[in-house]
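1. My questions are about this predicted structure, shown below with the sequence.
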Amino acid sequence: ILEAGSGIGSSSDQLDITVTNLTATADADGMFIAESDAVVIGSMSVTANRVDTTASTATTDTAKTQEDLTTANGGAVVLTATGMTLGAGAAGNALTAAGAGNVLLSATAADMDINANVDAGSGHITLLATSGTLTQDADVITTLTGTIDAEASAITMNDAKSASTGSGNIRYKATNALTIGDISTIGDVSLIAASITDSGTTDIDVSADELRINVTGTGGVGTSSNHFETTVATLSADVKTDGLFITEADNLIINKLNDIAVNRIGVDAAVDSTPTDAAQEDLNSTGALVLSLTSGTLTINGGDDTAALSSSGDTLLKAAGSGNDIAINASISVGTGSLSLDSADEITLAADGDISTTTASESIDLLAGGNITMTDGAVIDANDGNVRLKSSATITLGSVNAGTGDITATATTSILDGGDAGVDLIGDEVRLTVGTDIGSTTNAVDTTIADLSARSTSGSIYLSESDGLNISEIAAISVNRVDTDATTDAEADNTTQE
């Protein structure tokens with residue numbers, strides 16, 4: 001038990017101890033403690049016999065009960081040990097640094113187990129266990145502009161446990177696996193690990209302005225059965241073969257992020273360095289990619305270039321909820337997989353918003369509750385795979401190229417030509433179904449196809465074919481619709497059309 005009216009140790013000279021259990025309290029001068037072995041923080045009671053003038057030790061006892069690590073009036077907390085376990089007394093916190101005192105907890109050779117809350121007031125928090133596992137079974141809390149910096153060989157944040165601040169940034173970095181409970185700030189968050197998963201289903205995993213994800217191993221983010229859940233404004237992620245599975249609760253922009261920095265606290269309780277993760281852009285996955293919005297509009301931007309998304313597995317972009325759109329402003333490329341875009345309202349492809357697949361057996365599938373609008377110059381390229389466009393309003397075409405594959409397009413109202421930058425429809429068999437018009441008197445839909453079936457319920461059909469054309473019966477054209485678990489279901493029109 002250590003108790004000081006002002007401070008314990010100093011910023012230039014830590015108090016060296018070799019104990020098994022520790023509790024300490026100090027004031028504004030804080031505590032600076034170096035343990036030579038592993039240590040347990042918790043509640044302790046010590047009773048000592050006081051010897052009086054008669055040399056009797058049984059008549060007067062002095063006792064002391066104290067718990068946790070606490071400072072007042074902005075006092076810092078610095079504790080280094082080979083390993084450490086932070087438990088709690090009756091107060092519930094393992095560490096309380098009232099005010100703006102910075103906190104450094106460093107396990108230099110083994111694990112760090114946080115079993116009760118760490119509260120730094122509004123100070124910066126650094127948690128280091130670079131040779132062991134950081135297990136967080138409690139909350140890590142600061143406020144205002146305080147940052148949280150956690151780095152370990154592996155990090156496990158249990159379900160319903162949080163790391164939170166006001167507007168400060170949060171950075172969790174693990175050499176191996178990183179499991180997230182709940183990270184919350186109105187600032188930015190950076191996650192770096194060999195794999196990143198959700199520890200449970202209780203929480204939103206990350207709430208922030210910008211979220212930067214970088215997977216350094218062969219892993220991914222989330223799983224097909226347990227998506228990583230976010231409420232963020234802007235996202236960039238670079239993941240590997242286990243893929244990316246994210247469910248976002250609101251509007252989301254894929255774009256270039258700012259540099260994300262946190263303050264790393266040294267043994268003197270001052271900011272020793274500012275670990276900074278460089279600006280990152282786009283979504284990249286060498287496996288599957290599923291990004292599903294439960295509400296809000298998804299906007300895909302390219303950052304410094306015109307490329308926004310690259311994946312090597314089945315890919316789904318989904319915007320659910322009434323009135324919510326998908327806006328593709330930079331290119332999407334999918335290798336060894338099919339691509340599905342599913343919007344509750346509109347899908348728009350800007351001139352740079354080309355989408356493509358690179359494997360012939362795969363397909364591209366666009367489903368919109370509103371319009372599908374391709375700006376003149378936008379290209380859908382299925383590399384000899386099938387393409388399906390289905391809109392509950394109007395389809396406006398840029399250039400849709402299925403190569404030797406087939407195309408089916410269905411619109412409740414019309415299918416129109418968006419401009420003259422390219423041939424509107426290129427494929428083998430093409431099936432068009434509308435409520436009113438296909439093309440117009442001044443701008444026919446341009447085609448380079450082999451076989452066609454086109455049907456309008458109450459309008460006209462204007463087509464311009466570049467070569468020979470067969471008007472014939474077209475069987476149902478099937479595509480692979482990607483589900484939120486990255487599996488695919490065959491999706492086809494119900495009947496043959498002629």
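-> Everything's here; your move.
2. most remote residue from this protein's center?
-> In the chain, Thr54 marks the outermost C-alpha relative to the chain mean, sitting 71.1 Å out by C-alpha atoms, centre = their mean.
3. list the buried ones in stretch 148-162?
-> Within stretch 148-162, the residues scored as buried using 16 or more other C-beta atoms under 10 Å are Ile148, Asp149, Ala150, Glu151, Ala152, Ala154, Ile155, Thr156, Met157, Asn158, Lys161, Ser162. (Each C-beta comes from the backbone N, C-alpha and C, glycine too.)
4. Could you measure from the second one over to Ile170?
-> I take that to be Asp149. Counting by C-beta to C-beta, to the nearest Å, the gap from Asp149 to Ile170 is 8 Å.
5. Between the two, which contacts overlap?
-> Here Asp149 and Ile170 have Val262 as joint contacts, going by C-beta atoms under 8 Å, 6 or more residues apart in numbering.
6. quick one on the thing from earlier: among the buried residues of stretch 148-162, which lie within strands?
-> Among those, the ones falling in strands (DSSP state E) are Ile148, Asp149, Ala150, Glu151, Ala152, Ala154, Ile155, Thr156, Met157, Ser162.
7. The nearest residue to the third one once chain neighbours are set aside sits in which helix or strand?
-> Spelled out, it's Ala150. Counting by C-beta to C-beta, 6 or more residues apart in numbering, Ala150 lies nearest to Leu127, which is 4.4 Å off, once chain neighbours are set aside. Per DSSP states H and E, Leu127 falls inside strand 125-136.
8. Show me what that strand pairs with in its sheet, parallel or antiparallel.
-> strand 103-107 (parallel), strand 112-114 (parallel), strand 148-157 (parallel) (DSSP bridges).
9. same question for the second one, mean pLDDT?
-> Right, the one you point to is strand 112-114. The average pLDDT within strand 112-114 is 98.
10. picking that back up, which strands and helices sit next to the helix or strand following the strand holding Leu127?
-> Helices and strands here follow DSSP H and E; after strand 125-136, the next one along the chain is strand 140-141. The contact analysis (3 or more C-beta pairs under 8 Å, 6 or more residues apart in numbering; DSSP states H and E) places strand 140-141 against strand 117-119, strand 162-164.
11. Let's see that with 10 Å instead.
-> For strand 140-141, the elements it packs on are strand 93-97, strand 117-119, strand 125-136, strand 148-157, strand 162-164, judged by 3 or more C-beta pairs under 10 Å, 6 or more residues apart in numbering; DSSP states H and E.
12. and the third one with strand 93-97, angle?
-> Strand 125-136 and strand 93-97 are oriented at 170 degrees to each other (axes from the mean of the first three to the mean of the last three C-alpha atoms, to 10 degrees).
13. In strand 125-136, which residues are buried?
-> For strand 125-136, by 16+ other C-beta under 10 Å, it's Ile125, Thr126, Leu127, Leu128, Ala129, Gly132, Thr133, Leu134, Thr135, Gln136.
14. Let me see the contact set for the second one.
-> By C-beta atoms under 10 Å, 6 or more residues apart in numbering, the contact list for Thr126 reads 78, 102-106, 120, 147-151, 171, 262-266, 271-273, 275.
15. Put the buried members of those into a PyMOL selection.
-> Filtering the contacts of Thr126 down to the buried ones (16+ other C-beta under 10 Å) takes a single PyMOL command:
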select buried, resi 78+102+103+104+105+106+120+147+148+149+150+151+171+262+263+264+265+275
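16. doesn't Ala38 make contact with Leu86?
-> No - counting by C-beta atoms under 10 Å, Leu86 stays clear of Ala38, with 11.9 Å between them.
17. who touches both of those two?
-> By the contact definition C-beta under 10 Å, 6+ apart, Leu86 and Ala38 are jointly contacted by Met112.
18. These two: who's more crowded?
-> Leu86 (25 against 16; other C-beta atoms under 10 Å).
19. What is the burial count for the closest residue in space to that one that isn't next to it in sequence?
-> Sequence neighbours aside, Ala94 is the residue nearest to Leu86 in space, at 3.7 Å (criterion: C-beta to C-beta, 6+ apart). For Ala94, the number of neighbouring residues by other C-beta under 10 Å comes to 27.
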